[in-house]
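1. Got a predicted structure here, sequence first:
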Amino acid sequence: MSRTTPILEDRLARYRPTLDHAIADRTALRSTDHRRADFDLIELDWQTAEPGRSSNRSRVLVGASAVVLIGGLAVVVSTRDNPPTTPANSPAPDTSVVPDGTTPTNVVIDTTPATTIEGSGLTPACPPGTDTVGTGTLYLGGPASAQNLAAPGFIFSLPTGPTAVDVAIMAIALPVIGQECSITAATPNAGTVIVTVNPPAVPTPLRLEVNIGERDGIIGVTGITGSTSFETNRDGDQVSLTLIDGVPASATRIQVRFKKGDDVWELTADATTGSDIALVVPNGEADRFPDQSIDWVLFTAIDANEHVVDAGGGLI
Amino acid sequence: MKPDQAERAFDEFVRADGQRLRRVMSSQYGVDIGCESTDSALAWAWEHWDRLHEMSNQAGYLYRVAQTQARRAVGRGRTLTFPPELTRGPDSGSLIDGDLADALRQLPDQQRLAVLMVHVYGWTPIEVGRITGTPAVTVRSHLRRGLRHLRTVLSKGTTP
């Protein structure tokens, strides 16, 4: 046996804490919730559109990567006090909501699964002067954690139910959630949630209405509407999306995502109203679920600076 | 399965197998891709829990789900990330960055998985094979080749 064998094996054995530490860091096991301290976090990182990124790309995302289901697992974190009044993206962090290892006093952790979205909150302020939304983590329901935007100090919780949560995630998380950025939500009436977000990357705050409804006996998000009115049409197996009106003038293209089977596909279309956007698997790609219909569609309107200026979509 | 039962079963599964899967995926594809793909796989697991909880080898199935995600990430050119190895310098005093992480990146992923899971985490080849669906003899082969490959790479470096 080579003389170096024990040295290498020793090195590997000594590497364990280093590797484990890196994994723990990446997993962000910094939960402030002692009840869930031993819970392995499920987190999704959403990379927003970056300037210069190919606009006509089409790619398959593993459906699961776009989906976090909450169901009965939901641990709803909600502030019952008045929401922080710090302006969105204020350079001064609101320390009351910084996940600093202690549970903020203005937060009530309610383990009862929610059926409505409620409350509002701010994550620590966005770094001033930045011009990209960056990467954020949205974990709707589930265990509270420092990486969970539904964590102490931040309110965003969706109704239970396995359908359409992915729609909400894709619609809200992708365009607007930025790490350490802000979002507010309110429920002006039953079944409707107004989500207002002010990430620095979007000069004009998005305003999206999240519609809650029941489908197949499950309450969940059924649609999201911004300024753009739209309709989906089904003709046999063919489904198309038509933007009717209200597309922001600054929009230069429309990014469309739709879910078919376990895959989420992405298309790019012109930001013109009236034309049908066929929701078909892009050329050159294999439809792994030819017998399945499209579950949902989401579109985002992108401006010349790669900012998301509107979004919409829903179950089909 | 009732929602609360599903929650408990899923919690238990994540506690028991989530970290194991995270280590497996991080060993094979690096920490960033490994953790991301594990997170996605766990999200997928929750969505398909009714189906998954009936399976005899849940972790093994989820490994395949995570692997699909990880391979796509690698296919898109993502870099495999491993933390720097901190080791003692020639004077046995200060800590320096060893070249183990770089050497690991040069291994084929199956060899890297076998080497790290066996020699870092103390798994047996049978345990590695159970989650990856690979015969233990194949894992041993990956392990043997991986160690040989690693020694070759490291012998060309600056650290012993």
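-> Structure's in. What do you need?
2. and the residue lying closest to residue A:275 once chain neighbours are set aside, which of the three is it?
-> Spatially, and ignoring its direct neighbours in sequence, residue A:275 is nearest to residue A:242 (7.1 Å; C-beta to C-beta, 6 or more residues apart in numbering or on different chains). The C-beta positions use only the backbone N, C-alpha and C, and glycine is treated the same way. With DSSP: H, G, I helix; E, B strand; the rest coil as the basis, residue A:242 sits in strand.
3. Under the pLDDT cut-off, which ranges of the stretch 201-316 of chain A? List them.
-> Applying pLDDT under 70 to the stretch 201-316 of chain A flags the ranges A:201-221, A:305-308.
4. quick one: the helices in it?
-> With DSSP state H, counting those that start in this stretch, there are no helices along the stretch 201-316 of chain A.
5. And the residue of it closest to chain B?
-> residue A:262 (8.0 Å; C-beta to the nearest C-beta).
6. on that earlier part again, hang on, the residue nearest to residue A:275 packs against residue A:234?
-> No. Using C-beta atoms under 8 Å, residue A:242 is not in contact with residue A:234, being 11.9 Å away.
7. distance of residue B:82 from chain A?
-> For residue B:82, the distance to chain A equals 7 Å [C-beta to the nearest C-beta, to the nearest Å].
8. Pretty sure that residue sits in a helix.
-> No. Going by three-state DSSP, the assignment for residue B:82 is coil, not a helix.
9. ok, it - contacts?
-> A:19, A:22, B:30-31, B:100-101, B:104-105 (C-beta atoms under 8 Å, 6 or more residues apart in numbering or on different chains).
10. any chance of those residues in a markdown table, with neighbour count and pLDDT too?
-> A markdown table is the format used below for the contacts of residue B:82 (neighbours: other C-beta atoms under 10 Å in any protein chain shown; pLDDT from 0 to 100):
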| residue | neighbour count | pLDDT |
| --- | --- | --- |
| A:19 | 22 | 89 |
| A:22 | 21 | 86 |
| B:30 | 27 | 93 |
| B:31 | 24 | 92 |
| B:100 | 25 | 87 |
| B:101 | 19 | 89 |
| B:104 | 25 | 92 |
| B:105 | 14 | 91 |
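11. what about the residue nearest to residue A:313 when sequence neighbours are not counted, neighbour count?
-> Closest residue to residue A:313 apart from its sequence neighbours, by C-beta to C-beta, 6+ apart: residue A:298 at 3.5 Å. By the criterion of other C-beta atoms under 10 Å in any protein chain shown, residue A:298 has 28 neighbours.
12. Could you do residue B:127 as well?
-> 17.
13. Tell me the spacing between it and chain A.
-> 16 Å.
14. three-state assignment of that residue?
-> Going by three-state DSSP: residue B:127 is helix.
15. for it, what are its contacts?
-> residue B:117.
16. what's the helix or strand for residue A:14?
-> With elements taken from DSSP states H and E, the one containing residue A:14 is helix A:5-27.
17. in that helix, what's buried?
-> A:8, A:11-12, A:15, A:18-20, A:22-24, A:26-27 (16 or more other C-beta atoms under 10 Å in any protein chain shown).
18. Just want the most central residue of chain B.
-> Centroid-nearest residue in chain B, with C-alpha atoms, centre = their mean: residue B:24, separated by 2.3 Å.
19. close to chain A, is the longest helix that chain B contains?
-> Secondary structure assigned by DSSP state H gives helix B:136-155 as the longest helix of chain B. Yes. Legend: contact between helix B:136-155 and chain A by C-beta under 8 Å from any C-beta of the partner chain is shown at B:147, B:150-151, B:154-155.
20. Could you list everything residue A:254 pairs with in the sheet?
-> residue A:269, residue A:301 (DSSP bridges).
21. can I see the domain layout of chain B?
-> B:3-75, B:86-155 (automatic domain parsing).
22. looking at those domains, which is closest to residue A:254?
-> domain B:3-75 (24.4 Å; C-beta to C-beta).
23. where along chain B do the helices fall?
-> B:3-13, B:19-29, B:31-47, B:49-52, B:58-75, B:100-105, B:109-115, B:125-132, B:136-155.
24. since we're on the residue of the stretch 201-316 of chain A closest to chain B, how many residues are nearby?
-> Number of residues near residue A:262 (other C-beta under 10 Å) recorded here: 21.
25. same check, this time on the one 4 residues further on
-> Each residue near residue A:266 was counted by other C-beta under 10 Å, and the total is 16.
26. Residue B:55 versus the nearest residue to it once chain neighbours are set aside, what's the distance?
-> Distances taken as C-beta to C-beta, 6+ apart put residue A:257 closest to residue A:266, at 5.1 Å, once the chain neighbours are dropped. Distance from residue A:257 to residue B:55, counting by C-beta to C-beta, to the nearest Å: 29 Å.
27. In contact with the residue nearest to the centre of chain B: list those residues for me.
-> B:34, B:63, B:113, B:117, B:128, B:131-132.
28. if we take those, which one ends up nearest to chain A?
-> Set against chain A, the nearest of these by C-beta to the nearest C-beta is residue B:34 (7.5 Å).
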